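> coords please:
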Amino acid sequence: MVFRLRNNLEDLASLKAVVHQRNVREVELVLPPETTRDFDDVFVHIFVDQLCDVQALRLYWYSANLSPVVKLLLHPENRVAAVALHNGVLTGNDIEAITSVIKHPNNNLERLNIENATVPGADSEMARILGSLKHPNNRLKEFGLQSVRLSRENIDTLIEAMESSECKLEQLTLVGIPMSEPYLKAVVSAIASKRLVFLHLAFCLDDSKRTIPILDELAKALERPDNNVEKLIVELPLNFEEVRALLAGLRSPHNRVAHLELIDQRGVYWNTLHDDLFLALSSPSTRMRLLKLHGPFNDDIAGAVGRALQTPSSQLEELHILSSFHFTDGTTEIARALQSPTNRLRILSLSVAFGALTPIRMSFRSPFNRLQELNLTCSPAPSMANLLEGSAMLKTVRRSLLTKFYANFDLSFSKAYSSRWSLVLYVLMSVGTVPRLGQKSSFRLLPMNNFILLVTETLGWPLFSLRADSRSSD
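Numbering: from 1, shown residues only. Below you'll find the predicted structure:
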């Protein structure tokens with residue numbers, strides 16, 4: 001819920017009633033353009049009250065007054081340590097307010113994210129915020145910029161701040177920032193020198209003009225003994241050298257990456273290095289628990305991940321491979337992994353051809369299948385045979401749910417059916433192929449046609465569009 005505050009105490013009373021509820025940790029606000037001193041004082045009192053558990057603010061504003069937030073952040077009893085500024089125009093006064101908080105000796109601000117903001121006027125304004133990252137009183141551990149335009153001066157300031165010993169950042173997010181290739185390489189090199197725990201990089205880069213590797217320094221940083229990177233998200237079209245260097249870094253005994261997301265819409269070089277991916281995921285030093293691959297990956301990639309899952313050293317508990325290619329042989333390897341005694345996988349998202357559903361379905365007969373959430377993006381189902389296979393898949397999963405207890409099980413089929421075939425499959429399930437839903441699972445069949453949704457709601461059929469957390473029957 002987003003609170004749109006006007007400059008009156010009645011709106012603050014409504015805000016107080018919500019934020020003083022138990023376990024409310026984050027609040028989204030739209031601040032008024034002008035505020036009175038009484039408004040500011042009441043605003044601060046709401047958040048420093050002992051009944052308030054709020055620790056993060058997300059601010060939506062266009063020409064808002066940040067003075068109540070500044071007073072709150074500098075209050076000695078303030079517990080709000082995270083602020084996100086979203087969809088606004090950062091004026092000179094706004095930037096002065098933000099930098100004054102970061103540089104204040106008593107500030108508790110540890111997380112600052114600026115998203116979809118514009119900075120009118122001189123580029124030096126944005127440089128003031130970036131420069132504050134190296135101030136001695138700076139306590140920021142997390143800093144993020146998303147869809148914010150940076151000038152060359154701003155980039156130089158960011159690099160200088162990252163290289164400073166006063167910079168305390170542990171998490172850095174740079175998303176949707178237009179940048180030339182040489183400057184991007186310089187930024188990544190500066191980042192590689194920091195002992196970051198979390199890094200999210202997604203730059204606006206013209207793939208057709210790629211000439212030099214950018215992530216080579218970052219990949220080498222994963223091999224250093226003082227490396228601390230535990231979570232890495234990269235949304236870039238990578239070339240062959242970058243992919244190979246990154247996979248080599250993941251095999252290093254000093255690698256600490258437990259969460260890896262690679263979104264590469266080119267993906268061709270990953271497909272040629274599937275053996276390197278297998279070695280990285282099956283390395284005795286691997287710590288990978290979550291892997292997400294999004295791009296035109298083929299069966300070789302899915303097969304490499306499946307083989308790695310069958311090794312004793314695999315730590316993977318969550319796997320997402322989302323591709324425009326629907327896997328067949330790769331699905332078989334992943335299904336074998338689900339039946340392995342060393343299998344730890346609990347969440348699986350996969351792009352799969354309907355003809356390859358059988359191995360996944362058969363894996364549910366194994367006592368070692370520990371899946372609690374299964375999301376399948378299937379190829380179109382033009383034939384009755386494919387529809388029957390999908391129905392059999394749901395029947396097998398349902399039987400498994402009757403004999404095992406899952407804290408949460410979610411099975412979804414998406415982008416798989418036209419309206420006509422959705423209705424046919426639904427009828428097949430409704431006439432007895434799949435029992436009525438209990439309280440231990442949820443099924444989703446997407447996308448839904450409005451007409452079919454109306455029919456199923458009218459007849460009271462149970463399976464369409466249901467998505468609920470599982471609960472034990474007692």
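
> and the nearest residue to Ser147 once chain neighbours are set aside, what is it in contact with?
Leaving out its chain neighbours, the residue that sits closest to Ser147 by CB to CB, 6 or more residues apart in numbering is Gly176, at 4.1 Å. For the C-beta atoms, the positions are set from N, CA and C on the backbone; glycine is no exception. Counting by CB atoms under 8 Å, 6 or more residues apart in numbering, Gly176 touches Gln146, Ser147, Val148, Ala202, Phe203, Cys204.

> What is the burial count for the residue lying closest to the fourth one once chain neighbours are set aside?
Take Ala202 and drop its neighbours on the chain: the residue closest to it by CB to CB, 6+ apart is Glu235, 3.4 Å away. Glu235 has 17 neighbours, counted by other CB atoms under 10 Å.

> I figured Glu235 hits Val175, correct?
Yes: taking CB atoms under 8 Å as the definition, Glu235 is a contact partner of Val175 at 7.4 Å.

> and for those two, which residues touch both?
Leu201, Ala202.

> any idea which of the contacts of Gly176 is the one closest to His294?
Of all the contacts of Gly176, Ala202 has the smallest distance to His294: 11.7 Å, by CB to CB.

> State the helix or strand in which the closest one lies.
Ala202 is part of strand 198-204, with elements assigned from DSSP states H and E.

> Minimum pLDDT in the contacts of Gly176, which residue is that?
Lowest pLDDT of those: Cys204, 65.

> Pro312: what's it in contact with?
Here Pro312 is in contact with Thr342 (CB under 8 Å, 6+ apart).

> Determine whether the claim that it is in a helix is correct.
No: using DSSP: H, G, I helix; E, B strand; the rest coil, the assignment for Pro312 is coil, not a helix.

> Give me the pLDDT for it.
The per-residue confidence score, pLDDT, reads 93 for Pro312.

> What separation do you get for the closest residue to Gly330 other than its chain neighbours and Val69?
Distances taken as CB to CB, 6+ apart place Ala302 nearest to Gly330, at 2.5 Å, with adjacent residues excluded. Going from Ala302 to Val69 by CB to CB, to the nearest Å gives 47 Å.

> Then Val352?
Val352 is 48 Å from Val69, by CB to CB.

> what does stretch 27-47 contact?
Contact partners of stretch 27-47, identified using CB under 8 Å, 6+ apart, comprise 1-9, 12, 15-16, 18-20, 52, 54, 56-61, 63-69, 71-72, 75, 78-80.

> Sorry, wrong one. I was asking about stretch 242-258.
Here stretch 242-258 makes contact (CB under 8 Å, 6+ apart) with 213-216, 218-225, 227-232, 234, 238, 260, 269-270, 273, 276-277, 279-281, 283, 285-290, 315.

> how about 7 Å then?
Stretch 242-258 has contacts (CB atoms under 7 Å, 6 or more residues apart in numbering) with 213-216, 219-220, 222-225, 227-232, 269-270, 273, 276-277, 279-280, 283, 285, 287-290.

> ChimeraX command for the buried members of those?
A single ChimeraX command suffices to select whichever of these are buried according to 16 or more other CB atoms under 10 Å:
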select :213,214,215,216,219,220,222,223,224,227,229,230,231,232,269,270,273,276,277,279,280,283,288,289,290
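
> Got phi/psi on the residue nearest to Ala202?
The phi and psi torsions at Glu235 (degrees, to the nearest 10) take the values phi -120, psi 80.

> Would you mind stating the distance between it and Val148?
Distance, Glu235 to Val148, using CB to CB: 16 Å.

> swap in Arg244?
When distance is defined by CB to CB, Arg244 is 32 Å away from Val148.
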